[in-house]
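Chemist: Below is the sequence, then the predicted model.
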Amino acid sequence: MNLDRKTTPSIIDAVSFDLHLKKCDEYNLDNGIPVYSLNAGAQEVLLIEWVFYAGNWYEQKNIVAATTNFMLKNGTSQKTAFGINEYFEFYGAYLNRSCYNETATITLHCLSKHVNELLPVVAEIIADSIFPEEELNTYRKNQQQRLSVNLKKCDFIANRLIDEYIYGIHHPYGKYTSTLDYDQLNREELVAFYQQFYQQGKCMIFTAGKVPSGLDKSLNETFGHLPLQQRAIPTIQYHLHPAVEKKMHIINDPNGVQGAIRMARPFPNRHHPDYQKVQILNNVYGGFFGSRLMSNIREDKGYTYGIHSYIQNHIHEGAWMISTEAGKDVCKATIEEVYKEMDILCNEPIEEEELSLVKNYMIGSVLGDLDGPFQLIARWKNYILNGIDDQYFYKSVALIKTTESDELQELAKKYLNPNDFYELTVI
Amino acid sequence: MIQYNRFILDNGLTVLVHEDNATPMAVVNVLYDVGARDENPTKTGFAHLFEHLMFGGSVNIPDYDEPLQRSGGDNNAYTTHDLTNYYCQLPAQNIETAFWLESDRMLSLAFSEKSLTVQKKVVCEEFKEHYLNKPYGDVWHKMRELAYTVHPYRWMTIGKELSHVENAHIDDVKAFFFKHYRPVNAILVVAGNVKTVQVKQLAEKWFGPIEMGEKYIRSLTKEPLQQEARKLTIEAAVPLDAFIKTWHMDARLEKGYYAADLLTEILGGGGSSRLYQSLVKEQKLFSNLDCHHFGSIDAGLVTIEGKLVKGVSMEDAEQGVAAIINAIQEEHVTENELTKVKNKTESIIAFEDMSVMSRASSLAMYELLGDANLMNTELDKYQQITSQDLQFYSKQIFRESNSNTIYYQAKK
């Protein structure tokens, strides 16, 4: 048997693929709500997401935005919290809500056949939530308990503090929650926030999956006449207050056996000309399993179960972050290796073999990520919220294919300077 | 209805092909019929450590990940008590790379000392990250030891203790490999933009020459029927008291499994479930509360666990749980509630089947259970469960003598 097991079978370089981003349909409801729709997939399932500009960017007091968003499921004038949950769960549907920095969402996952039963209750939540005092008290108490558990975890503490160092405690990207914040919540603030940013707020709808015919009509009947879109999004500017001290070491648990390490530097948003190319550099550095940080610090030294680097997904300003949990006695050595890898990227060009691997890997993952309606709509949503379009996608793909090693070395010199990085260890 | 073709190579390797031409990708999923339940009690954590070693180079290929990434692919793996599953996804044009890689590591690993040394450390860090350095991180170690007296579900997949992983020797690695990682003990599923005839040719080319190996016949001691309630109190430096209670349930293919699955949904699935509504929202005994099971192949555990609201006593919390259980044993679940949990099950299955990767691993898992086509009859089995069945099984499961309780108390 002459089977050559030593040589890789011939492959087609993923960089030669012609990637195509399926367009999403766009239409407006009668009250001006834009709907973005992506009809794809074989399963009879559907995702609908309502996006409001109701993130913590717009709150006057800590956690008002997140609490308002959470309590959307806790009662309308027609239904109790239990009634709302039971209604969606009866149809095997999932109604989730999430609060981010700029936006807050309500997300429905359901079998396509049930959608018309479910839409009116979503509308009820958007138009007629009542924020019962007792629900708020239960939420407050349970969240305080949850927080007390999280505060024991080094990774939780580290995630909070590194953001505070970069943005400042009063910036929406840098602030975090204390027990006292829960005590100080009051119902009236939630109601006011709800009126301004949900009932009358700016809304967008995204739908994906096997979109039943007539969904546009149902959406218009149910949401097209609500008094949404009445209030302009306020323009609020926040100033950054980055920490002065760059190196921090915190003992949260004297008996801890691992340290959570976070290292980060400020980084511009996706409109900056370097942004897309830096994604390639980041992949080489710590962006996937085959990256240098992972190969060195996990696969060669065994200091950690995992180490990653990434650019934070923020609309305004961002950060380039390195994140890992490492054995207590090797935290220092881990940090040294992180800097050592920065240094190598600044001083030595990436070999062609490594760069072509990373490029093929990146194109392969984009291709995989274009597979499936939910992934596609998530990409479109990200583009729309960031004010970019599919030209950004094609440019990004082209840059992955064409960016050269010397350009990446220049970017490394520009951004991977250890002096620019905050360095935090929490044990 | 998930379509597939099945053939078996001369060396006993079962191959399933699921064609889906709507995707540009292909998935290659290799399931080995070995999990933590097959470990020696003095060398636990081995099946999982082994999963790490499978990425440390094979006999002809020094690095598994690199050629796959170069082909535009990505991969991962997981180990449970029952099985070990490896999967990779790559552009369908480059599928042969996956055959080359997966067949070489089935042929033989490189058995590198360096890889063993490093991966022992990595697994120890994984152990610390998930089980030592987290509040309540050891609760499942304790619960498994309490609930199982003989069955190997007694220990965690990560291992009973760090020393078992630290002491792993290269000879153990070799013996484990040639006992379990043979074609006759594996199931290969290829899914996505592929054709069965092409898969057959590639499977014969790359996997065909591998020696069959010996079929591993599992003979585990069945956990005896529990006769008496077991209780344990732990004190630890945690902020809140936690309550956790388990009851033995039926094995994966028995009718009682489907009933138990629906019961956990009625009791703890979502905001309208009984435990949440009554004990978190109305009585305010718990700040959070879950009811679940692990879907294990051998007889598993139904679990109710939650954190107590400060000031509530363990006894009151436990009585609250007992009252809910008593109600489900005494009164029929209404048609409405039964329909709700069946609708939810239908929906869970539909969402799971969206990704090719998930379809591939489900086919492998059902084939391991005896027949991949079980995947297509699963929903029917849930549909057939009646409220009488639920009452019968709730009485069978939720007997006090069948229970294991841990009071996990915050050190004062």
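Modeler: Perfect, thanks for sending it.

Chemist: contacts, neighbours, all on C-alpha from now
Modeler: OK.

Chemist: which residues of the stretch 301-412 of chain B fall in helices?
Modeler: For the stretch 301-412 of chain B, applying DSSP state H, counting those that start in this stretch gives helices covering B:314-330, B:335-352, B:356-369, B:374-383, B:387-397.

Chemist: What residues does the stretch 1-150 of chain B have near chain A?
Modeler: Neighbours of chain A within the stretch 1-150 of chain B, by C-alpha under 8 Å from any C-alpha of the partner chain: B:23-25, B:60-61, B:65-67, B:69-74, B:89-91, B:93-94, B:96-97, B:100, B:104, B:118-123, B:125-126, B:128-129, B:132-135.

Chemist: Out of the residues you listed, which sit inside helices?
Modeler: B:65-67, B:69-70, B:96-97, B:100, B:104, B:118-123, B:125-126 (DSSP state H).

Chemist: Could I get the full set of strands for the stretch 51-200 of chain B?
Modeler: For the stretch 51-200 of chain B, the strands defined by DSSP state E, counting those that start in this stretch cover B:74-79, B:84-91, B:186-192.

Chemist: again but with the stretch 201-350 of chain A, I slipped
Modeler: A:203-209, A:247-250, A:258-267, A:304-311, A:318-327.

Chemist: Figure out which of those is closest to chain B.
Modeler: Nearest to chain B, of all the strands of the stretch 201-350 of chain A, is strand A:304-311, at 5.1 Å by C-alpha to the nearest C-alpha.

Chemist: Just want the angle from that closest one to strand A:258-267.
Modeler: Orientation note: strand A:304-311 sits at an angle of 10 degrees relative to strand A:258-267 (axes from the mean of the first three to the mean of the last three C-alpha atoms, to 10 degrees).

Chemist: quick check: domain ranges of the chain?
Modeler: Unless you meant another one, I'm taking chain A. Domain segmentation of chain A under automatic domain parsing yields A:25-223, A:247-426.

Chemist: looking at chain B here, not the other one
Modeler: According to automatic domain parsing, the ranges for chain B are B:5-206, B:230-410.

Chemist: How about stretch A:20-30 and chain B, any contact?
Modeler: No: residues of stretch A:20-30 contacting chain B under C-alpha under 8 Å from any C-alpha: none, with a closest distance of 11.4 Å.

Chemist: Check what contacts that stretch and list those residues.
Modeler: Applying C-alpha atoms under 8 Å, 6 or more residues apart in numbering or on different chains, the external contacts of stretch A:20-30 come out as A:34-39, A:219-220, A:223-225, A:370, A:376-377, A:380, A:390, A:393.

Chemist: And the strands of the stretch 201-350 of chain A: which comes nearest B:His81?
Modeler: With distances scored as C-alpha to C-alpha, the stretch of these nearest to B:His81 is strand A:304-311 (20.6 Å).

Chemist: Contacts (any at all) between chain B and that closest one?
Modeler: Yes: applying C-alpha under 8 Å from any C-alpha, one finds strand A:304-311 in contact with chain B at A:Thr304, A:Tyr305.

Chemist: okay, the angle between that strand and strand A:318-327?
Modeler: Interaxial angle, strand A:304-311 versus strand A:318-327 (the same axes, to 10 degrees): 180 degrees.
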